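S.K.: Starting from these lines, generate the structure:
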Amino acid sequence: NGTAKNVSVLTQKYFEGDLTGTLWTLPEGKLKFALGADYRGEAFDYQASPLINPAVNTLPAYGPNLPQQIISPSYDLASSTSGTQNVREVYAELRVPVLHNKPFAKDVSLDIAGRHSQYDLFGGANTFMADLHWQVDNAVTFRGGFQRAFRAPSLQDLYNPSIQAQVPISGDPCDYNSSYRTGANAGKVAALCQAQGVPSGLLSSYSYGEASANGVYTGNTSLKPEVADTYTFGFVLTPHFEGNLDRDLGASVDYYHIKLNGAVGAVTGDLVLQNCFNANGSNPTYSNSNFYCQQISRDQKSGTLATLKTFEENLGSFTTDGVDIEAHWGFPLHALGLSSRSGRVLLQTYVSYLRSLRVVGLGAPSVNLAGSIADTYSAIAADGASISDLSHPSWKANTMLGYANGPLGVALHWRFISSMADLMDGVNSGDAGVPAYSYFDLNGHYQITSELQVRAGITNLFDKREPFVAGAPLLTDAATYDIFGRQYFVGVTANFD
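M.R.: Next up is the predicted model:
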């Protein structure tokens, strides 16, 4: 029998050297520089115990159907694995003063930087950036820039052990009552189900009532690095008016455009099923030889899902652009004719507009996910489950109306999320969308002494419940919507310095 244990050893080595200073003093200011070099080395070794993991010696990468006797209800079955990655880098950065105290150019400067990275697994890569800061006067500033970024696959991406575990799915498309079997292409879906192994005699009544399936997930040593290009442009307004009512008034607006090529993402169980059955237009002929369909194995007697092969892949590209807005306005109430001891009001808002989030996936057409709830498969847990952000509203806002008077502070917060289509089951699923949502929170604090403060508040003031999202874990998006309802809190902060 013996003692069962898994052993995991992670080793990190890191060295860095930097040099900063002023190269020259130019007519418009100091030309500053930074130089540096670093080394990063990572290694890990994971040894799985065969005493609690009988699949250790039987799991190949992307394993085939697994016999039922090796499936443990208590443990994910993982194989042993190990890997290393090392990178050496050098970089240089300059801050160049361009203009200073000139007409329409109170301060203009340029930041430029470059970095060379040498990976033992991926070879050399160059990244660079350039940012322009143009302060016209005390009231108006423009800013913008370009950046090339590079991300090598992590050790988990590359060498994650082969894991047999239950993977969450929103259903089996071959279920006689599914939207696939009852939709416009029901005949093609039925033929594909038969080609995969659902017996013809069971086809009309076949049902899969589980929310998961047996899955095999592993790292992928064939992954390539991700490369992203980012453009930004914006302006800041700080007019500094003379009157008490509008002296503290300001705003900023920034546009961004990001394109990520070679995006590493998870080919999850749901993505395999959706793309095999053409939910995203990736198998228009409903052929069982489709790449995604080849990741599905079925029991040839019952037709039930036996194994879904899940993995990471350079799925394609992500392209997104939008606008971020911040505005604030604060003033003392005596500016309205009230007492000089009547306190101060502050109104502040952060607004985000997502113009597009376009995903080009492996074998799937380009899809714009802005204004929808959909899985981008861009963040992956160790067992292969997607943990990506699901909600991509076109508009989000967080607005605060606050009041302060001496030791007292009170604030009302409004969190707004625009309506979204529900694409969790695919772009052609027809699932009902989610309406616009507003949450309100109320909090306050009182500074009793310089060392003692009490605070209290209510989140989700009107106890608004989360929306139903078909195909999502927990049937909602718990990272975006409040699943706990109204909550109260009280706290005390004491400073003993």
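S.K.: Show me what counts as buried in stretch 466-478.
M.R.: Neighbour-count burial for stretch 466-478, counted by 16 or more other C-beta atoms under 10 Å, picks out 466-467, 469-473, 476-477. For glycine as for every other residue, the C-beta is placed from the backbone atoms N, C-alpha and C.
S.K.: Give me the distance between the two termini of it.
M.R.: One end of stretch 466-478 sits 8 Å from the other (C-alpha to C-alpha, to the nearest Å).
S.K.: Gly187 sits in which helix or strand?
M.R.: Per DSSP states H and E, Gly187 falls inside helix 186-196.
S.K.: Okay, buried residues for that helix please.
M.R.: 188-190, 192-194, 196.
S.K.: Any figure for the gap between Asp324 and Lys396?
M.R.: 10 Å (C-beta to C-beta, to the nearest Å).
S.K.: Need the overlap of contacts for the two.
M.R.: 351-352 (C-beta atoms under 8 Å, 6 or more residues apart in numbering).
S.K.: State the number of residues packed around Thr238.
M.R.: Neighbourhood size, Thr238 [other C-beta atoms under 10 Å]: 15.
S.K.: so Asp157 sits in a helix?
M.R.: Yes - under DSSP: H, G, I helix; E, B strand; the rest coil, Asp157 falls within a helix.
S.K.: so it touches Ser222, yeah?
M.R.: No - look at Asp157 against Ser222 with C-beta atoms under 8 Å: they stay out of range, at 10.6 Å.
S.K.: of those two, who's got more company?
M.R.: Per other C-beta under 10 Å, whichever of Asp157 and Ser222 has more neighbours is Asp157, with 18 against 11.
S.K.: Mind pulling up the pLDDT for that one?
M.R.: pLDDT for Asp157: 86.
S.K.: Now do the contacts for it.
M.R.: 219-220, 223, 264, 312, 380.
S.K.: Could you find the closest non-adjacent residue to Lys32?
M.R.: Nearest-residue entry for Lys32: Arg95, 4.5 Å, with adjacent residues in sequence omitted and distances by C-beta to C-beta, 6 or more residues apart in numbering.
S.K.: What are the buried residues along the helix or strand that neighbour falls within?
M.R.: Assigned by DSSP H and E, Arg95 belongs to strand 81-102. By neighbour count on 16+ other C-beta under 10 Å, the buried set for strand 81-102 is 81, 83, 85, 87-89, 91, 93, 95-99.
S.K.: Can you list the strands that that strand pairs with?
M.R.: strand 29-47 (antiparallel), strand 105-119 (antiparallel) (DSSP bridges).
S.K.: For the longest one, give the mean pLDDT please.
M.R.: I take that to be strand 29-47. pLDDT averaged over strand 29-47 gives 94.
S.K.: would you put the C-alpha positions of it in CSV?
M.R.: The C-alpha coordinates for strand 29-47 follow below in CSV (Å, rounded to 0.1, in the frame of the first residue of the first chain):
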residue,chain,number,x,y,z
GLY,A,29,15.6,69.6,-21.1
LYS,A,30,17.6,66.6,-20.0
LEU,A,31,18.0,63.6,-22.3
LYS,A,32,17.6,60.6,-19.9
PHE,A,33,18.4,57.0,-20.5
ALA,A,34,18.0,53.6,-19.0
LEU,A,35,20.0,50.4,-19.9
GLY,A,36,19.6,46.9,-18.5
ALA,A,37,20.0,43.2,-18.9
ASP,A,38,18.4,40.3,-17.2
TYR,A,39,18.3,36.5,-17.1
ARG,A,40,15.2,34.4,-16.1
GLY,A,41,15.3,30.7,-15.7
GLU,A,42,12.4,28.5,-14.8
ALA,A,43,12.2,24.7,-14.3
PHE,A,44,9.6,22.4,-12.8
ASP,A,45,9.2,18.7,-12.2
TYR,A,46,5.9,17.1,-11.3
GLN,A,47,5.9,13.4,-10.2
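S.K.: got the buried residues for that strand?
M.R.: Under the neighbour-count criterion of 16+ other C-beta under 10 Å, strand 29-47 has 29, 32-33, 38, 40, 42, 44, 46-47 buried.
S.K.: thinking again about what came up before, got a markdown table for the strands paired with strand 81-102, with distance to Val454 too?
M.R.: Output for these, formatted as a markdown table (distance: least, C-beta to C-beta, whole Å):
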| stretch | distance to Val454 |
| --- | --- |
| strand 29-47 | 45 |
| strand 105-119 | 43 |
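S.K.: hmm, back to that, could you check how far the helix or strand just after the helix holding Gly187 is from the centre of its chain?
M.R.: Remark: after helix 186-196, the chain's next helix or strand is strand 212-218, criterion DSSP H and E. The chain centre lies 22 Å from the centre of strand 212-218; the measure is C-alpha atoms, centre = their mean, to the nearest Å.
S.K.: coming back round to it: quick check: beta-bridge partners of the residue nearest to Lys32?
M.R.: Lys32, Asp111.
S.K.: Same question for the one 10 residues further on.
M.R.: Taking DSSP bridges, one obtains Lys102 as the residues bridged to Ala105.
S.K.: Need the residues that contact stretch 228-245.
M.R.: So stretch 228-245 is contacted by 138-151, 246-247, 249-261, 324, 331-332, 334-336 (C-beta under 8 Å, 6+ apart).
S.K.: mind listing what's buried in it?
M.R.: 228, 230, 232, 234-236.
S.K.: how long is it end to end?
M.R.: Span of stretch 228-245 from end to end, C-alpha to C-alpha: 44 Å.
S.K.: and that stretch, average pLDDT?
M.R.: Model confidence over stretch 228-245, given as mean pLDDT, is 92.
S.K.: And the closest residue to Val492 other than its chain neighbours, how far from Val427?
M.R.: Closest residue in space to Val492, ignoring its immediate chain neighbours: Val454 at 5.4 Å, by C-beta to C-beta, 6+ apart. With distances taken as C-beta to C-beta, Val454 is found 51 Å from Val427.
S.K.: and if you look at Leu412?
M.R.: Remark: distance between Leu412 and Val427 (C-beta to C-beta) = 38 Å.
S.K.: low pLDDT regions in the stretch 251-400 of the chain?
M.R.: 361-365, 379-387 (pLDDT under 70).
S.K.: can you redo the buried residues of stretch 466-478 as TSV with secondary structure and distance to Thr319?
M.R.: Listed next are the buried residues of stretch 466-478 as TSV, based on DSSP: H, G, I helix; E, B strand; the rest coil; distance: C-beta to C-beta, whole Å:
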residue	secondary structure	distance to Thr319
Glu466	coil	30
Pro467	coil	27
Val469	coil	24
Ala470	coil	26
Gly471	coil	24
Ala472	coil	24
Pro473	helix	26
Thr476	coil	28
Asp477	coil	22
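S.K.: want to try CSV for the residues you listed, with pLDDT and distance to Leu23 as columns?
M.R.: Below are the buried residues of stretch 466-478 laid out as CSV (pLDDT from 0 to 100; distance: C-beta to C-beta, whole Å):
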residue, pLDDT, distance to Leu23
Glu466, 92, 56
Pro467, 92, 57
Val469, 89, 56
Ala470, 84, 60
Gly471, 76, 57
Ala472, 79, 54
Pro473, 74, 54
Thr476, 88, 56
Asp477, 89, 51
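S.K.: No further queries at this time; thank you.
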